[in-house]
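Participant: Task: produce atomic coordinates for the following.
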Amino acid sequence: MSSVVSLPIHRKDFSGGKPVNDFVAVEEPLEILVGGRNLAITMRTPGNDAELAAGFLFTEGLLKTQDQIRSIAESGNQVNVEPADPDDAAFRRQDRRFAMTSACGVCGKSSINSLYASGCEAIPAGTFVIEDNVLRGLPDVLRSAQTVFHQTGGIHAAGLFDAEGNLEIVREDVGRHNAVDKLIGALFLRNAAPPGYPAQNRMFRARGRASFELVQKSAMAGIPFMAAVGAPSSLAIETAQRFGMTLAGFLRHDRFNIYCNPDRISC
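Facilitator: Alright, predicted model coming up:
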């Protein structure tokens, strides 16, 4: 399934107008099933759907290790995650349904305290240090890797970086929460999260604002540092503080704001 579609439009400028074809990011529903049972429907950009499903289930606390998965099967606009143990208590007690849009995801948690109940732990101090000048260069690195954004101009991205500023994983989606789930799902399916290594030696860079749900997903994956191009919310800052994360916003090549735990940035 394609993540981009070419559509006829009428382009207007000061010299007049003309018919042209334009590239548009695809948005379609994805049904996430567990053992053939519907759990969630999200609006997403097709691609990396297995990662999206795995990342969503992990950040919701339903998956802890890859051993809980027997198989993940993609078919059109469906992904079915087959549990290794059909009687897995994490899935048997899951009687809610999730509804998500590309604009605003549902993290499934009613409070910060509920993150602890999902097994989310504070990230140890001393994990991950990045130099100031390397951090300020990350927006350009991520932007250059956004292939769908270059075509459409209308899609979010999430990137995983090491302390030297090397981009290791990039995922794109019309929903910023989906892009993050795809990234974390890629880590999860590579057996890299959990445990914390190498996630605790990496940082996550997002386009757009830093919302609670994005910080929550990063905390669940044990990622100690999140930077965003936009502003954080008050609950995002509170969540980052509680779980020992460093949170930066308004990241540009010439400036950025640090909202908590600045010790992970060296001059």
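Participant: what ranges do the strands span in the stretch 1-150 of the chain?
Facilitator: With DSSP state E, counting those that start in this stretch as the criterion, the stretch 1-150 of the chain has strands at 4-13, 16-25, 28-34, 37-44, 69-75, 78-83, 98-99, 130-131.
Participant: Pairing partners for residue 42 in the sheet, please.
Facilitator: residue 30 (DSSP bridges).
Participant: in the stretch 101-250 of the chain, which spans are helices?
Facilitator: In the stretch 101-250 of the chain, the helices defined using DSSP state H, counting those that start in this stretch lie at 113-117, 132-136, 138-144, 147-152, 176-189, 212-221, 234-242.
Participant: for the ones you listed, which one sits closest to residue 83?
Facilitator: In terms of CB to CB, the element of the helices of the stretch 101-250 of the chain nearest to residue 83 is helix 176-189, at 14.7 Å. Where C-beta positions appear, they are placed from N, C-alpha and C, glycine not excepted.
Participant: Which other helices and strands does that closest one contact?
Facilitator: If contacts are counted by 3 or more CB pairs under 8 Å, 6 or more residues apart in numbering; DSSP states H and E, helix 176-189 sits against helix 49-59, strand 156-161, strand 167-173, strand 203-206, helix 212-221.
Participant: want to try TSV for these, with mean neighbour count, mean pLDDT and distance to residue 35 as columns?
Facilitator: Listed next are these as TSV, based on neighbours: other CB atoms under 10 Å; pLDDT from 0 to 100; distance: least, CB to CB, whole Å:
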stretch	mean neighbour count	mean pLDDT	distance to residue 35
helix 49-59	27	94	12
strand 156-161	25	95	28
strand 167-173	21	95	25
strand 203-206	25	92	30
helix 212-221	26	90	22
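Participant: Which of the helices of the stretch 101-250 of the chain sits closest to residue 7?
Facilitator: Using CB to CB, the helices of the stretch 101-250 of the chain put helix 147-152 closest to residue 7, at 10.6 Å.
Participant: Contacts for the closest one, please.
Facilitator: Residues outside helix 147-152 that contact it (CB atoms under 8 Å, 6 or more residues apart in numbering) are 3-4, 23-25, 45, 143, 155, 157, 172.
Participant: Show me the two of those residues that sit farthest apart.
Facilitator: 24 and 143 (19.4 Å).
Participant: related to what we said a few turns ago, can you put the helices of the stretch 101-250 of the chain in JSON lines and add distance to residue 262?
Facilitator: Compiled in JSON lines, the helices of the stretch 101-250 of the chain are given as follows (distance: least, CB to CB, whole Å):
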{"stretch": "helix 113-117", "distance to residue 262": "23"}
{"stretch": "helix 132-136", "distance to residue 262": "10"}
{"stretch": "helix 138-144", "distance to residue 262": "17"}
{"stretch": "helix 147-152", "distance to residue 262": "30"}
{"stretch": "helix 176-189", "distance to residue 262": "23"}
{"stretch": "helix 212-221", "distance to residue 262": "16"}
{"stretch": "helix 234-242", "distance to residue 262": "12"}
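Participant: Pick out the shakiest of the ones you listed, pLDDT-wise.
Facilitator: When the helices of the stretch 101-250 of the chain are compared by mean pLDDT, helix 113-117 comes last with a mean of 63.
Participant: Write the PyMOL selection for whichever of the contacts of helix 147-152 are buried.
Facilitator: Of the contacts of helix 147-152, the buried ones can be selected in PyMOL as follows, counting by 16 or more other CB atoms under 10 Å:
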select buried, resi 3+4+24+25+45+155+157+172
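Participant: what's in contact with stretch 74-94?
Facilitator: 1, 28-36, 39, 46, 49-50, 52-54, 57, 61-64, 67-73.
Participant: give me that answer again for 6 Å
Facilitator: For stretch 74-94, contacts defined as CB atoms under 6 Å, 6 or more residues apart in numbering pick out 28-35, 49-50, 53, 62, 68, 70-73.
Participant: what number of residues lie near the closest residue to residue 66 other than its chain neighbours?
Facilitator: Computed as CB to CB, 6 or more residues apart in numbering, the closest residue to residue 66 that is not its neighbour in sequence is residue 191, at 5.7 Å. When counting by other CB atoms under 10 Å, one arrives at 11 neighbours for residue 191.
Participant: All good on my end, thank you.
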